Each structure stands twice: as C-alpha cells, then as structure tokens.
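**Student:** Any chance you could fold what I've pasted below:
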Amino acid sequence: MLRSSDSDYNYVNRKADFAQVFEELIFLTIFIAIGTLIRFWKLGAWSFWADEIFAVQDALKFPDTMNINPMIYLIIKNFASSFGISEWSARLGPCIIGIISIPIIYWFARSMFGVRTGIISALFLTIHPWHIFWSQNARAYSLAFLFSAISAVFFYQAFEKNKVRYTLGSLLFTVLAISSYLHCVLLLPVFVGYLVLITFLPVNMPKGLNKKNIIVFFLPFALACLLLILPTVRGYISSGWGSNEWGRNTLYIFFTVMYSLGIPFSVASLMGGLHSFAYLNRGGIFLICYALIPLTIILVISTFLNVAGYYLFFTMPAYVILAGLLASELIETSSKGSKAISSAVMVILLISLISQTYLYFMNENGGRERWKEAFGTISGKVEKDDYVVISMPRIAEYYLQKTNLLQLENVIASIDSYKNTWHSEKRNVWFVIDESSLNILDSQDRFRDWIYANCRMVSDFPIYARVMDRSVSVWKMDQK
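**Tutor:** Modelled structure (predicted):
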C-alpha cells in the first residue's frame with residue numbers, strides 16, 4: 001500500500017507529464033497551423049515551371065504510361081480528377097504531404113534527442129523556404145522527404161530498441177520512398193554506412209544490432225537486385241538520366257544544396273553534426289550518415305551524369321534535426337552563462353529562414369518563371385498558322401493549347417534556314433524566351449543579337465530568384 005507521500009509524488013509526476021504533453025501539443029498545433037497557412041498561400045498563383053508541366057501531363061496518362069516515380073503521378077491524377085486540372089489542384093497533394101511532414105520531423109527529432117530538439121526542428125521546418133518550395137510543387141520531392149524521414153526514424157529505432165516491427169516499418173517506407181522518387185535508393189548506403197561506422201567507433205552497440213534485423217531489412221533489397229539482370233528493368237530505371245548538358249559540376253551541386261538550406265542553417269547543421277561526432281552520439285552519427293553519404297555519391301555521379309542539387313532534398317530531415325540539436329544544446333547550456341550566444345544563434349537562424357521565405361513570396365514569384373502571364377499576353381493573338389518558338393514546347397502546349405511549336409535549341413542551331421522558311425511561308429513567328437535557357441543555349445549572345453535586330457518585344461516579365469535570372473520575354477517577327 002502506498003504511503004501518502006508516495007501517492008502525492010506519483011500525482012505530481014503525472015501532473016507534470018500531462019503538462020509537458022499539453023505544452024508539446026500546443027507548440028505542435030501552432031506550427032502545423034502556421035505551416036498550413038504558409039504552404040497554401042499562393043499555392044495556385046505561381047505558373048507551372050517546366051518539370052511540373054511534364055509531371056501533370058504524364059500523370060494524366062498514368063498508369064497507361066508508367067514512370068520511375070509512380071506514386072506522385074497517382075496522387076496528381078486523383079486530385080486533378082477531383083478538382084480539375086490547374087496549378088492549385090496539381091500541387092494540393094504535395095502541399096498536404098508537406099504539412100504532414102511537420103509533426104513527422106518533430107517525432108523523428110524527439111525520439112532521438114528529446115522534446116526541445118523536436119520542437120525546434122519542427123519550428124525550423126515550418127518556415128524553411130526550401131521545404132515550402134517543394135510543398136508547393138507538383139513534383140515528388142515532398143513525398144520523398146516524408147517517406148524517407150519515416151523510413152530513417154524506423155530504421156534507427158529498430159536497432160536501438162530491437163523491435164522487428166520497426167524494421168518492417170522501415171522496410172515498407174523505404175520501398176514507398178523509392179517508388180516515390182528513385183534517388184531515395186541512396187537510403188540503403190546510408191543505413192549500411194551507419195551500421196558499419198558504429199562497429200568501428202568506440203560507442204556502445206545498440207541492442208538491436210543483430211542478424212535478425214539485418215536480414216529482415218536488407219534481404220528483400222538484395223533479392224530485388226537480381227532483377228537488374230533484366231535489360232527492361234535496367235532501361236526502366238535509367239530512363240530520365242542523361243548527359244550533363246546543363247554544365248552542372250560537383251562544386252555547383254554542393255553550393256546548390258548549401259544555398260537551398262541557407263548558409264547560416266548549413267553551418268548550424270555542420271556544427272550540430274560535429275558536436276554529435278565529438279560526443280560519439282549514435283543518433284548524431286546516424287544523421288551525419290543520412291546527410292553526407294547521399295551527398296558524396298551524388299557529387300561523384302555528377303562527373304558523368306546529369307544530376308542536380310535538389311535531388312538531395314530527401315536528406316533534408318538530417319540537416320533540420322542537426323540544426324535543431326545545436327540550437328537545443330546551446331539553450332541547455334545558456335543557464336550556465338551563455339544565454340546571449342544561444343539567443344543570437346536562434347535569432348540568426350530564424351531571421352535567415354523568415355527573410356528567405358519573405359523573398360520567395362513577395363519578390364521571387366515562388367522561384368518560378370511567369371509563363372502563365374507571358375502566354376496570357378498573346379493568347380487570342382496567335383493565329384492558327386503562326387509559329388511559336390520556346391525552349392520547352394510542352395509548356396506552350398499547356399498554356400497556349402497550340403501544337404504548331406518549334407524548339408528554341410533547334411532554331412538557334414539553324415536560324416538562317418528557319419528564317420528563310422518563315423519568309424517564304426509568310427507566317428508570323430512568336431518567341432517566348434526564358435533567360436535561364438537562353439544563357440545556356442546562346443552563351444555567346446548571337447541569337448540574342450538576332451532577336452534584337454529582327455523582332456519586336458511584345459512583353460517582358462522580369463524575375464530574379466535563387467540567384468538566377470528567371471525572366472521571360474515575348475517577341476514577335478511579323479511576316480504578313
């Protein structure tokens with residue numbers, strides 16, 4: 001029988017636990033509400049960019065036309081069927097998925113490092129412009145983020161707690177991540193690298209590091225590798241890969257990731273990783289593997305294949321939690337006399353994230369070209385037999401509903417031949433040109449000079465976003 005003092009002690013503990021849970025729920029509810037408002041704001045206002053249009057057009061053909069990332073096409077098609085085809089409906093699924101990621105990142109960080117790190121990590125993700133951008137995109141990246149984060153936390157906890165249900169959960173969500181975005185297959189070297197690394201480091205082994213968990217998780221993937229013997233499977237997986245025609249290199253990709261995360265945020269993640277490694281924290285070591293192994297592999301691949309920095313978005317959970325860990329550790333030590341330092345770090349991180357998000361919405365047009373506005377100025381003016389020249393004709397197919405299209409790259413390569421044809425046919429020619437493509441295809445400005453000499457400008461839509469000129473201009477060459 002409990003003494004009165006024991007009963008009072010248990011009551012106080014239960015009351016404290018309830019208060020903590022209630023406080024966590026309040027913070028999380030506020031973050032989810034803010035994250036929802038931000039991610040729905042101007043969701044349908046931005047024009048589609050090229051890859052979004054490709055995704056929407058391919059999704060409408062799904063499953064008759066299969067793709068290496070089938071899950072996002074299924075989601076886009078279902079929402080488009082329910083709400084009609086538009087920028088808003090195509091992005092609705094990824095937007096909801098992005099909102100769900102906020103409590104997931106809280107759970108991930110809390111399970112590793114405690115409540116404070118979970119709260120701070122959720123706050124960082126709520127207002128992070130890179131996550132907001134992909135949450136407002138009809139692309140697979142927010143889905144890859146979500147499934148990869150769940151897969152990673154299940155994998156880590158499977159070996160920490162030695163529970164096969166966590167191993168099976170990680171297996172399931174790894175498969176879902178890969179089917180959402182093929183590059184998530186790089187989770188496998190992350191997991192292998194972590195298990196190998198902790199066997200060599202002077203750390204206590206997790207109790208779940210045994211043959212059972214290893215076989216349950218890795219054997220299905222080992223068996224799946226046998227399918228690579230089939231040429232059709234290899235061709236299916238390699239579809240969409242190509243030569244590095246955009247001139248991306250390792251340094252470009254590395255700085256793209258750092259810029260997308262934000263320089264202060266990248267530094268905070270690095271410091272959080274170094275802190276974890278210095279104290280041989282297994283959770284921190286796992287996150288270091290999660291952040292750096294895919295980055296290293298992509299940097300190596302970039303020397304011979306066309307890859308981009310945003311392919312690594314599925315590793316962002318590691319960076320967010322490492323930055324949250326650093327901030328949490330600084331706050332914990334602030335009671336010992338370093339309150340000014342911890343406050344300064346938090347202020348710098350929050351200001352950098354909020355300022356980038358502000359620019360994203362108010363000045364950068366969501367990081368996209370203004371295709372919708374550009375085609376809106378000539379819609380109804382383009383005659384049936386007029387030509388339209390554009391870097392990616394499928395954009396004009398969507399916004400102009402026209403098929404008499406010419407690809408900018410081909411026109412630049414044979415401009416004199418095309419000009420003679422247009423003159424002999426007496427057809428007007430419209431040029432809808434984005435600066436980012438023109439800078440690649442016309443690096444010596446020869447075509448630009450030709451445009452100035454032979455055409456008149458109809459409209460111009462200047463946008464500078466993410467250190468790139470994303471302006472679109474419309475020109476016309478009259479032949480009639």
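**Student:** Find the least confident helix or strand in the protein, judged by mean pLDDT.
**Tutor:** Ranked by mean pLDDT, DSSP states H and E, the helix or strand of the chain with the weakest confidence is helix 231-238, at a mean of 64.
**Student:** The helix or strand following that helix packs against which elements?
**Tutor:** Using DSSP states H and E, the helix or strand that follows helix 231-238 towards the C-terminus is helix 250-261. Secondary-structure packing of helix 250-261 (3 or more Cβ pairs under 8 Å, 6 or more residues apart in numbering; DSSP states H and E): helix 263-278, helix 282-301. All C-beta atoms are positioned from the backbone trio N, CA, C, and that covers glycine.
**Student:** could I get helix 250-261 in PDB with only the CA atoms?
**Tutor:** Provided in PDB are the C-alpha atoms of helix 250-261 (Å, rounded to 0.1, in the frame of the first residue of the first chain):
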ATOM      1  CA  THR A 250      30.400  18.900 -58.200                       C
ATOM      2  CA  LEU A 251      31.000  22.400 -56.900                       C
ATOM      3  CA  TYR A 252      27.800  23.700 -58.400                       C
ATOM      4  CA  ILE A 253      25.700  20.900 -56.800                       C
ATOM      5  CA  PHE A 254      27.400  21.300 -53.400                       C
ATOM      6  CA  PHE A 255      26.700  25.000 -53.300                       C
ATOM      7  CA  THR A 256      23.200  24.500 -54.600                       C
ATOM      8  CA  VAL A 257      22.500  22.300 -51.600                       C
ATOM      9  CA  MET A 258      24.100  24.800 -49.200                       C
ATOM     10  CA  TYR A 259      22.300  27.700 -50.700                       C
ATOM     11  CA  SER A 260      18.900  25.900 -50.600                       C
ATOM     12  CA  LEU A 261      19.400  25.000 -47.000                       C
END
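**Student:** where's it relative to the chain centroid, distance-wise?
**Tutor:** 13 Å (Cα atoms, centre = their mean, to the nearest Å).
**Student:** From what I see, residue 118 and residue 104 are in contact.
**Tutor:** No: applying Cβ atoms under 8 Å, one finds residue 118 not in contact with residue 104, separated by 10.6 Å.
**Student:** These two: which has the busier surroundings?
**Tutor:** residue 118 (25 against 19; other Cβ atoms under 10 Å).
**Student:** picking that back up, hey, which of the helices and strands packed on helix 250-261 is tucked in deepest?
**Tutor:** Highest mean neighbour count among the helices and strands packed on helix 250-261 (mean count of other Cβ atoms under 10 Å): helix 282-301, with a mean of 21.
**Student:** Does that one pack against any helices or strands, and if so which?
**Tutor:** Looks like helix 282-301 contacts helix 87-113, helix 141-161, helix 187-200, helix 250-261, helix 263-278, helix 316-333 (3+ Cβ pairs under 8 Å, 6+ apart).
**Student:** Return the last one as CSV; C-alpha atoms alone will do.
**Tutor:** Output for helix 316-333, consisting of C-alpha atoms alone and laid out as CSV, is shown next (Å, rounded to 0.1, in the frame of the first residue of the first chain):
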residue,chain,number,x,y,z
MET,A,316,16.9,17.4,-45.6
PRO,A,317,15.5,15.8,-42.4
ALA,A,318,19.0,15.2,-41.3
TYR,A,319,20.1,18.8,-41.7
VAL,A,320,17.0,20.1,-40.0
ILE,A,321,17.4,17.9,-36.9
LEU,A,322,21.2,18.5,-36.6
ALA,A,323,20.5,22.3,-36.7
GLY,A,324,17.7,21.8,-34.1
LEU,A,325,20.1,19.7,-32.0
LEU,A,326,22.7,22.5,-32.0
ALA,A,327,20.1,25.1,-31.0
SER,A,328,18.8,22.8,-28.3
GLU,A,329,22.3,22.2,-26.8
LEU,A,330,23.0,25.9,-26.8
ILE,A,331,19.8,26.7,-25.0
GLU,A,332,20.5,24.0,-22.4
THR,A,333,23.9,25.5,-21.7
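**Student:** packing partners for it?
**Tutor:** With 3+ Cβ pairs under 8 Å, 6+ apart as the test, helix 316-333 has helix 87-113, helix 115-127, helix 141-161, helix 263-278, helix 282-301, helix 339-362 packed against it.
**Student:** Would you reformat the helices and strands packed on helix 250-261 as TSV and include mean pLDDT and distance to residue 218?
**Tutor:** As requested, the helices and strands packed on helix 250-261 are exported to TSV (pLDDT from 0 to 100; distance: least, Cβ to Cβ, whole Å):
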stretch	mean pLDDT	distance to residue 218
helix 263-278	94	25
helix 282-301	95	15
